[in-house]
Each structure stands twice: as structure tokens, then as C-alpha cells.
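In: structural data only, the sequence is not supplied:
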């Protein structure tokens, strides 16, 4: 490793990454960002589904060309193994023996049936940390159910609160359960590492993707438990704040989000949009603004319609009002603020060339972070892992390759 990588918070920590799809890889992505050596265990015979998903650079598909996979696996290594083969399983066990953390996100019980549960991992390395990121947790009557992120959004209660007034429940737009579980899983791993440093003990972490997604909507759950009813679906509106909505602006499909949290913010907004609104008795209090929300939205919407989203933002932000355009992917790609913070990274990749990816959304000034490499090609680091990490000699590696163990 370079000197820069050895100064990162998790330098010297190795992760045996048995994850796939999104939730697990998003967890190990955070660990890679922090400097851990993350080794993804993959198989050509059961390719990770994200290697098979678009977008494809230049419209050309391939297992090493998926923008989806390459985004969420930056900074990792890849070893290709046949885990149905006894020798392949021995390689996996040897990797666990040389690792500090093991991560998997199969359904509950699958990792154990593969012969790699926590009891086995602990025998291989007494202070190992294993995190299992199953959909429903390792216990309970539904623990072995199959789970995907799109199902977790309605399961968590998010869909029941999302939708227009009088409409059916609606999906959020992305599989929130996956990245949310990934982030919370990374936090749990960091806590376990701190515990291990203090006590020398490893541990098993049982993460439920369902429960970690529920953590996003405490207001809805608290309303039910404390008041006996959950908030009604009401589009982009808030239960208390008004205005709180998305308004159309001048231009082709351009919109702006505006929110005023209290009377002071409302008066600043009104002074810009129409000073007469500030003295309109229909809008004198937060409760009255909410009661007359349709009329309020109509007045603000008419003002926004004559200005671009950027003009609306600049005018309202100058008055101290929270307003910002609804950003498209192109807007984000070209945004000067994000560019000034060097959020995006341009990484060279052996098959797709240099492509732009989202980078690390936080900066540690004492231990600077950077994405050190693009996502690995399938099995790109097999020889490195076998020789440098596991210490296999050339004869052993050749025998594994001849036996088809290295898929």
C-alpha cells in the first residue's frame, strides 16, 4: 500500500466480503473508503447481479462494465472462487483466518449452511467480527424469508406515508433498504472494532435490513404509538409546515423545493414573493397557513412560474429561505459546488476507461481519504490474494487453477 493509504483510519484492517447486490457491498464500500482492504469473494458461475445491470459505458454490456457495480465497489479487490468446491471453501476459510471482519448479506441461515457461520469463523480467527445483513434478522418467524430492497420500502412503512392526498401508497423511487442497511452496518462494524480494541473480543452482528429501514420514519411510527393514527398521505406537503412543496418554474420541466419552518421564515418568504401575503389573515399563523395551503401554494407557484429554478433559489436563499432546484442527474454531474468539493472522482478502469463516479461524502482532515482504485474486474486480484494474503506458493496456486477451483 502507498503511504497515503496507510494513514487512513482502517489501514491494516482486512475484510472478507461475501456480499452481493447492493446492501452488503454498500457496507463494505464505506469500510474501503476508510482504508480497509476489502476482498470481495466472487464466482463467475454465480455472478453478482449488479455486474449484469446497466448503465453500460458506450452501451456495451459485460461483467466488468456495469456502472452500477463499478460505483459501489470502488477501492476493493476481487477473488474468483468456486464455493461449491471443497478446495474453494478451504481458500475461503483461509481468507477468513487472515481477516478482521467478515460481511455477508444472504438470507438468515444461508451462510451457516455454506459452512461459514459465526461458530466456524470464530474457530478460524478467535477475535473475528462477522456481520450478517439479512433482510429480516437472524431470528424471528420470518427470518429466512427472501428479501430485496423494493419490498423493504413498503414493509418499513415508508410507502404507507408516501403518495398524493387520497391516493394509494406509493414507492419511494429507490430501494432505500439497501443503502440504509449498508450505512448502519458499517457503523455497527466500527463499534465492534472499538470493542475489540478495548477487550480483544470479536463478535457477531445481527443486522435486519427491515429494521434499519424503519429507522427512517420515526415520526410516522411515533404518531401511531402516541396518538393512535399515522399521518395521512399528502404529496410533498408536511403535516405542520406550510409552505412546504415543490413548485414549477420557468423552463422545461424545472422545479424548486421551498420550505418555511416558522413565522420568521414565512415573513421573509412573503416579503420577497408578495409583501401583501404577510398581512393576509389567511396566513397569519402556521395553523392558518396549513388550513389555507392550496391558496398559499397557488400564490407561491404563480411567482415561481415567472422565474427559473436558479433565480428562485438565489432570491429566496438571499432572504434566508430554504429553497433549491430539483436537481437532475445532469445538474448534479455539472454542479460547480460539488465540483469545488471534489465529490466526484474520475477513475481509470481497465475495460471501460476513465469514468466519473460518486466519491466519499465526508472529509477527515487529520486522515485524508480518497478512492484509491476503480472497482475490480471479476477475479482481478485472485493471484494477489492467494500469494500475498494467504501465502500460497506457485505450485498450490497452479493446482487450484488446474482443478477449476478459481472460477
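Out: Okay, I see it. As the structure is a prediction and not an experimental result, all values here were calculated from the model. Numbering: from 1, shown residues only.
In: in three-state terms, label residue 16 for me.
Out: For residue 16, the assignment made with DSSP: H, G, I helix; E, B strand; the rest coil gives strand.
In: can you tell me which residues contact it?
Out: 39, 41, 92, 95, 96, 99, 101, 102, 103 (C-beta atoms under 8 Å, 6 or more residues apart in numbering). Every C-beta, even on glycine, is put in place using the N, C-alpha and C of the backbone.
In: helix or strand for the third one, which one?
Out: With secondary structure defined by DSSP states H and E, residue 92 is part of helix 86-97.
In: would you list every one of the strands in the stretch 151-300 of the chain?
Out: Counting by DSSP state E, counting those that start in this stretch, the stretch 151-300 of the chain has strands at residues 203-208, 244-248, 255-259.
In: quick one: mean pLDDT over stretch 17-36.
Out: Average pLDDT, stretch 17-36: 97.
In: quick one on the thing from earlier: contact partners of the helix holding residue 92?
Out: By C-beta under 8 Å, 6+ apart, helix 86-97 touches 16, 18, 39, 41, 79, 81-83, 102, 114-116, 120-121, 124-125, 128, 385-386, 389-390, 400, 403, 405-407.
In: now with 10 Å, please.
Out: 14, 16-18, 39, 41, 43, 79-83, 85, 102, 114-116, 120-125, 128, 130, 382, 385-386, 389-392, 396, 399-400, 403-407 (C-beta atoms under 10 Å, 6 or more residues apart in numbering).
In: got it, and stretch 47-56?
Out: Contact with stretch 47-56 is made by 19-22, 24-25, 40, 42, 44, 61-73, 78, 80, 148, 352, 375, 377-378, 407, as judged by C-beta under 10 Å, 6+ apart.
In: go on, stretch 337-345?
Out: Outside stretch 337-345, the residues touching it (C-beta under 10 Å, 6+ apart) are 74-75, 327, 331-333, 335, 355-361, 363, 370-372, 374.
In: buried subset of those as a ChimeraX selection?
Out: Selection command for ChimeraX covering only the buried members of the contacts of stretch 337-345, criterion 16 or more other C-beta atoms under 10 Å:
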select :74,75,355,357,359,360,371,372,374
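In: quick check: mean pLDDT across stretch 224-243?
Out: 90.
In: that should have said stretch 297-309, apologies.
Out: Mean predicted confidence for stretch 297-309 is 98.
In: ditto for stretch 118-136
Out: 97.
In: quick check: buried residues in stretch 270-280?
Out: Applying 16+ other C-beta under 10 Å to stretch 270-280 flags 270, 272, 273, 277, 278, 280 as buried.
In: tell me which of those residues fall in helices.
Out: 270, 272, 273, 277, 278 (DSSP state H).
In: adding distance to residue 346, write those residues out as TSV.
Out: Putting these into TSV (distance: C-beta to C-beta, whole Å) gives the following:
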residue	distance to residue 346
270	44
272	39
273	41
277	47
278	48
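In: and which of the residues you listed is nearest residue 292?
Out: Nearest to residue 292 among these is residue 277, at 10.9 Å by C-beta to C-beta.
In: spatially nearest residue to the closest one (excluding sequence neighbours)?
Out: Nearest in space to residue 277, with sequence neighbours left out and distances taken as C-beta to C-beta, 6 or more residues apart in numbering, is residue 270 at 4.0 Å.
In: residue 393 touches residue 400, doesn't it?
Out: No. With contact defined as C-beta atoms under 10 Å, residue 393 does not count as touching residue 400 (11.2 Å).
In: list the residues that contact both of these two?
Out: residue 386.
In: more crowded one of the two?
Out: residue 400 (21 against 10; other C-beta atoms under 10 Å).
In: secondary structure element holding that one?
Out: Counting by DSSP H and E, residue 400 is found in helix 394-402.
In: circling back to that earlier point, which parts of the helix holding residue 92 are buried?
Out: 87, 88, 89, 91, 92, 93, 94, 95, 96.
In: what of stretch 122-131?
Out: Buried-residue list, stretch 122-131, by 16+ other C-beta under 10 Å: 122, 124, 125, 128, 129, 130, 131.
In: how about stretch 281-290?
Out: Within stretch 281-290, the residues scored as buried using 16+ other C-beta under 10 Å are 283, 286, 289, 290.
In: show me the contacts for the first one.
Out: Applying C-beta under 10 Å, 6+ apart, one finds that residue 283 lies in contact with 242-243, 263, 266-267, 270, 277, 289-293, 295-296, 299.
In: please pick the buried ones from these.
Out: 242, 243, 266, 270, 277, 289, 290, 292, 293, 296, 299.
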